[in-house]
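Novice: Sequence first, then the predicted structure, then my questions.
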Amino acid sequence: MSRADLAARSVLICLDGRSPAMELPDGDSVLFGWRGGEITVGTDQALTAGRIHAFGDYWLMSNHGAAGTYCVENLEGAGEYVKVQPGRVGVPIPFELSRVTLTVGAGGNSFTVHAPERRSATGPGGAGIPLLDEESRYFQVLVCLCEPRLRDCGVAAVPTPAQVSARLSAADRPLGRSTVNYHIDYLATKLGIAAPRGMTRAWKRVTLVTLALKFDLVCPEHLGLIPGPVPG
């Protein structure tokens, strides 16, 4: 493996706003903890908060603390995160760009980790059949449902059928509210979502969005499929 390949396979750690990235080659590990009230990363055994271990195209995190859960957020996703409870060792982190936060409400309590880009196991011409047709009208409806959470890190409310209708009717092909409901019902059937008795139609929309984002059926790049200006 060349030197360039080794660099591409390294995990990079950056103490936010205070130092350049630290390169952690595949197979190596580093400790982190507090020194002088600030987070520090290195090999000093006095750093006892936890450890990061570079492992292939992802990394492992250990929480050596006796109290306090660490949170690892996916900075490129839609609100995904992994919790690392006290005493947990070797928790795999699958995100390529993460923010690790050690405490709540304190300054200088986080750092970022850049993992290598994951390799694809699919060779040329080996891609499977997509589950959803990204050129279809129902997929536009699904993207509209997911749009607020994609733009607001997963905390925004799911649009109503009337809001989806208004969003898509800015195009040359207006879409009525009843048609939006039809596409939502079709998506629920296609993705195997069955509403328990007593659940409202809103439950179906929220479940669709949760499933689509959880399995990357809708990603930020799909936002370009929605015509018109971005809602305020």
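Specialist: Cool, got the structure. Residues are numbered from 1 along each chain as shown.

Novice: any idea how far Trp34 lies from Cys14?
Specialist: Distance, Trp34 to Cys14, by CB to CB, to the nearest Å: 17 Å. Quick note: C-beta positions are derived from backbone N, CA and C, even for glycine.

Novice: Could you check which helix or strand contains Pro148?
Specialist: Using DSSP states H and E, Pro148 falls within helix 137-151.

Novice: For whatever helix or strand comes next after that helix, which helices and strands make contact with it?
Specialist: Next along the chain after helix 137-151, taking DSSP H and E as the criterion, comes helix 161-168. Contacts defined by 3 or more CB pairs under 8 Å, 6 or more residues apart in numbering; DSSP states H and E place helix 161-168 against helix 137-151, helix 177-190.

Novice: which stretch in the ones you listed has the least confidence?
Specialist: Ranked by mean pLDDT, the helices and strands packed on helix 161-168 bottom out at helix 177-190, which scores a mean of 88.

Novice: Return the alpha-carbon coordinates of that helix using CSV.
Specialist: Extracted C-alpha coordinates of helix 177-190, given in CSV (Å, rounded to 0.1, in the frame of the first residue of the first chain):
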residue,chain,number,x,y,z
ARG,A,177,-53.9,17.1,-1.8
SER,A,178,-55.9,14.0,-2.5
THR,A,179,-53.2,12.9,-5.0
VAL,A,180,-50.6,13.5,-2.3
ASN,A,181,-52.5,11.2,0.1
TYR,A,182,-52.7,8.6,-2.7
HIS,A,183,-48.9,8.7,-3.1
ILE,A,184,-48.4,8.5,0.7
ASP,A,185,-50.7,5.4,0.8
TYR,A,186,-48.8,3.9,-2.1
LEU,A,187,-45.4,4.5,-0.5
ALA,A,188,-46.7,2.9,2.8
THR,A,189,-47.8,-0.2,1.0
LYS,A,190,-44.6,-0.4,-1.1
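
Novice: Residues touching that helix, excluding its own?
Specialist: 131-132, 137-138, 141-142, 145, 161-162, 164-165, 168, 193-195, 201, 204-205, 207-208 (CB atoms under 8 Å, 6 or more residues apart in numbering).

Novice: Give me the buried entries from those residues.
Specialist: 137-138, 141-142, 145, 161, 164-165, 168, 193, 204-205, 207-208 (16 or more other CB atoms under 10 Å).

Novice: And the helix or strand where Leu31 lies, how far out from the chain middle?
Specialist: Using DSSP H and E, Leu31 sits in strand 29-35. Computed by CA atoms, centre = their mean, to the nearest Å, the chain-centroid distance of strand 29-35 equals 25 Å.

Novice: Mind giving me the packing neighbours of it?
Specialist: Under the contact criterion of 3+ CB pairs under 8 Å, 6+ apart, strand 29-35 touches strand 38-42, strand 50-55.

Novice: Tabulate the CA atom coordinates of that strand in CSV.
Specialist: Provided in CSV are the C-alpha atoms of strand 29-35 (Å, rounded to 0.1, in the frame of the first residue of the first chain):
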residue,chain,number,x,y,z
SER,A,29,-5.4,4.4,18.9
VAL,A,30,-5.3,7.6,20.9
LEU,A,31,-6.6,8.7,24.3
PHE,A,32,-8.6,11.8,25.0
GLY,A,33,-9.5,13.7,28.2
TRP,A,34,-9.3,17.1,29.9
ARG,A,35,-6.1,19.1,30.6
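
Novice: Sheet partners, orientation included, of it?
Specialist: Strand 29-35 sits in its sheet next to strand 38-42 (antiparallel), strand 50-55 (antiparallel), going by DSSP bridges.

Novice: Alright, I will stop here.
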